[in-house]
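Visitor: predicted model and sequence below, questions to follow.
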Amino acid sequence: MSALTTDIAAGFDVESIREDFPVLKQTIHGKPLVYLDNAATAQKPYAVIEAIRKFHEVDCANIHRGVHELSQRSTAAYEATRAKMKRFLNARSKSELIFVRGTTEGINLVASSWGRKNVRDGDEIIISAMEHHSNIVPWQMLCEATGATLRVIPINDRGELVMEAYEKLLNPRTKMVAVTHVSNALGTINPVAEIISMAHRAGALALIDGAQAAPHLKVDVIALDADFYALSGHKMVGPTGIGILYGKSKLLNAMPPYQGGGDMIKTVTFEKTTYADLPYKFEAGTPNIAGGIGLGAAVDYLNNIGLNRIAAYEHELLVYGTQALEQIPGLRMIGTAREKAAVLSFVIEGIHPHDIGTVLDRMGIAVRTGHHCAQPVMDRFGVPATTRASLAFYNTTREIDALAAGLRKVKEVFA
């Protein structure tokens with residue numbers, strides 16, 4: 001065992017944590033599963049699985065509208081998650097937290113509701129060159145509908161935003177700056193507090209895509225002064241199909257509803273409908289109740305470990321993994337930012353990433369290959385795709401060693 005491995009093990013009981021995740025106990029093609037696709041979705045601990053099971057077995061009922069016991073219990077558990085998310089993000093009020101299907105829907109909600117009320121022909125929206133498609137396409141659609149212009153902050157060869165270029169893009173026509181907190185394709189941690197502050201000085205709002213940040217970093221929306229912050233439950237060991245959009249109350253109150261239907265109304269007549277107060281104005285229809293309850297269990301689980309401890313451990317994994325992969329001849333890292341989350345994105349000369357992923361899978365190693373829903377990033381670095389190993393707090397240096405050995409095997413296969 002290396003000294004680095006010993007240092008990590010001394011400060012973080014990863015083996016105990018791994019016992020909480022049943023999926024990690026299986027074998028794939030006869031090999032122990034090495035799951036390194038956490039940026040796509042994280043695995044679920046027993047606590048989350050049990051919370052969802054209990055809802056379906058014991059408490060299953062629709063929420064908010066029922067006076068019977070099951071509905072009351074379901075409503076209490078679902079709304080408890082909103083309170084937990086308030087503390088998790090340090091929001092001022094529970095009413096600032098909107099349940100959505102995930103980060104994608106959260107961004108679309110803002111682009112549609114805030115955008116159609118506030119953006120006009122000649123206005124400008126700023127995004128960055130490292131955005132996930134979910135933070136590109138909704139703004140393109142808004143620009144097409146309104147005549148606004150989309151501006152893009154460039155990135156340098158390390159995969160960092162060129163802040164001087166961003167400053168030059170800002171002008172009185174800028175209405176919104178929408179950037180990712182952490183790049184899913186590169187791992188870059190962006191200086192979002194500075195980005196938000198610069199946007200505000202220019203008179204613009206700022207939306208932050210927090211899908212890759214919320215599971216790995218402590219997020220404080222008040223300290224950031226974010227106008228909107230979106231995240232996905234399934235990235236943070238919670239269920240799929242559930243997420244949170246945070247928005248400042250004054251902004252959300254001024255925005256029209258995103259969808260119409262049940263639970264977002266006060267009164268309905270054929271002549272006029274009046275809408276519910278926040279947050280329900282944006283929550284039409286029966287929600288993903290089980291997902292919301294599962295997200296609450298996920299937040300509890302992450303809080304019990306501690307986001308700061310998670311971030312420190314994952315940084316050690318990143319250092320270890322970077323050192324291990326840099327020893328492989330012909331391997332080139334894509335994304336070498338000085339501030340970076342635990343994402344190892346790379347290419348190997350002469351071998352297509354899909355071939356790398358296929359060979360690794362036969363060894364029980366799950367990585368992601370492709371453009372990672374970030375095609376402009378691939379274009380920027382002149383590659384069609386990368387192989388991405390994204391790490392979580394239940395991964396180990398032993399698994400990184402397995403990845404490195406697997407990549408050497410890949411090179412032998414394609415030699």
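Guide: Great, that's in hand.
Visitor: tell me the gap between stretch 172-180 and the middle of its chain.
Guide: 20 Å (Cα atoms, centre = their mean, to the nearest Å).
Visitor: so which bits of it are buried?
Guide: Neighbour-count burial for stretch 172-180 flags 173-180 (criterion: 16 or more other Cβ atoms under 10 Å). For every residue, glycine as well, the C-beta is placed using N, CA and C.
Visitor: repeat that for stretch 92-105.
Guide: Judged by neighbour count (16+ other Cβ under 10 Å), stretch 92-105 contains these buried residues: 95-105.
Visitor: taking these together, which two end up most distant?
Guide: By the measure Cβ to Cβ, Ser95 and Thr104 form the most distant pair in the buried residues of stretch 92-105, at 22.5 Å.
Visitor: mind listing the strands for the stretch 301-415 of the chain?
Guide: Along the stretch 301-415 of the chain, the stretches classed as strands by DSSP state E, counting those that start in this stretch are 331-333, 343-348, 365-366, 368-370, 386-390.
Visitor: other SSEs contacting the last one?
Guide: This means strand 386-390. strand 343-348, helix 353-362, strand 368-370 (3 or more Cβ pairs under 8 Å, 6 or more residues apart in numbering; DSSP states H and E).
Visitor: ok, now with 6 Å
Guide: Counting contacts by 3 or more Cβ pairs under 6 Å, 6 or more residues apart in numbering; DSSP states H and E, strand 386-390 packs against strand 343-348, helix 353-362.
Visitor: most tightly packed of the strands of the stretch 301-415 of the chain?
Guide: Ranked by mean neighbour count, the strands of the stretch 301-415 of the chain are led by strand 386-390 with a mean of 27 (mean count of other Cβ atoms under 10 Å).
Visitor: next one: that strand to chain centre, how far?
Guide: 16 Å.
Visitor: the most centrally placed residue in the chain: what secondary structure?
Guide: The residue lying closest to the centre of the chain (Cα atoms, centre = their mean) is Ala211, at 1.2 Å. Classification of Ala211 by DSSP: H, G, I helix; E, B strand; the rest coil places it in coil.
Visitor: test my guess that Ala77 contacts Gly291.
Guide: No - applying Cβ atoms under 6 Å, one finds Ala77 not in contact with Gly291, separated by 11.7 Å.
Visitor: please verify my assumption that the residue nearest to the centre of the chain contacts Ser232.
Guide: Yes - applying Cβ under 6 Å, one finds Ala211 in contact with Ser232, separated by 4.8 Å.
Visitor: so what sits against both of these two?
Guide: Common contacts of Ala211 and Ser232, defined by Cβ atoms under 6 Å, 6 or more residues apart in numbering, comprise Thr103.
Visitor: what about the helices in the stretch 101-250 of the chain?
Guide: 103-109, 115-118, 137-146, 163-169, 192-201, 221-224, 249-254 (DSSP state H, counting those that start in this stretch).
Visitor: right, and the ones you listed - which one's nearest Gly364?
Guide: Checking the helices of the stretch 101-250 of the chain against Gly364 by Cβ to Cβ gives helix 103-109 as the closest, at 29.5 Å.
Visitor: residues in contact with the closest one?
Guide: For helix 103-109, the surrounding residues in contact (Cβ under 6 Å, 6+ apart) are 100, 134-135, 138, 209, 211, 230-232, 243, 245, 258.
Visitor: and stretch 150-167, by the same measure?
Guide: 124-130, 139, 143, 169, 186, 188, 190, 335-337.
Visitor: got phi/psi on the residue nearest to the centre of the chain?
Guide: Phi and psi for Ala211, reported as degrees, to the nearest 10, are phi -60, psi -40.
Visitor: in contact with it: list those residues for me.
Guide: 103, 231-232, 235.
Visitor: from Tyr301, how far out is Gly330?
Guide: 40 Å (Cβ to Cβ, to the nearest Å).
Visitor: ugh, typo on my part, it should be Val34
Guide: 22 Å.
Visitor: out of the helices of the stretch 101-250 of the chain, flag the one nearest Tyr275.
Guide: helix 249-254 (10.4 Å).
Visitor: could you point out which element follows that closest one?
Guide: Of the helices and strands lying after helix 249-254 in sequence (DSSP states H and E), the nearest is strand 265-268.
Visitor: what's that following strand packed up against?
Guide: Against strand 265-268 (3+ Cβ pairs under 6 Å, 6+ apart) you get strand 273-275.
Visitor: from the contacts of helix 103-109, list just the buried residues.
Guide: Here, 16+ other Cβ under 10 Å leaves 100, 134-135, 138, 209, 211, 230-232, 243, 245, 258 buried among the contacts of helix 103-109.
Visitor: among these, which two are most distant?
Guide: Ala211 and Tyr258, at 18.9 Å, using Cβ to Cβ across these.
Visitor: so where's the longest helix in the chain?
Guide: Longest helix in the chain, counting residues (DSSP state H): helix 69-89.
Visitor: go through that one and flag the buried ones.
Guide: 71, 73-75, 77-79, 81-82, 84-86, 88-89.
Visitor: over to stretch 26-46?
Guide: Under 16+ other Cβ under 10 Å, the buried positions of stretch 26-46 are 33-39, 41-45.
Visitor: show me those that map onto strands.
Guide: 34-35 (DSSP state E).
Visitor: switch the buried residues of stretch 26-46 over to CSV; also include distance to Gly357.
Guide: As requested, the buried residues of stretch 26-46 are arranged in CSV below (distance: Cβ to Cβ, whole Å):
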residue, distance to Gly357
Leu33, 15
Val34, 13
Tyr35, 13
Leu36, 11
Asp37, 10
Asn38, 15
Ala39, 14
Thr41, 16
Ala42, 19
Gln43, 18
Lys44, 23
Pro45, 26
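Visitor: in this structure, which residue sits furthest out from the middle?
Guide: Here the centre of the chain is the reference, and by Cα atoms, centre = their mean the most remote residue is Glu271, at 41.1 Å.
Visitor: which element, helix or strand, includes that one?
Guide: Using DSSP H and E, no helix or strand contains Glu271.
Visitor: cool, thanks, signing off.
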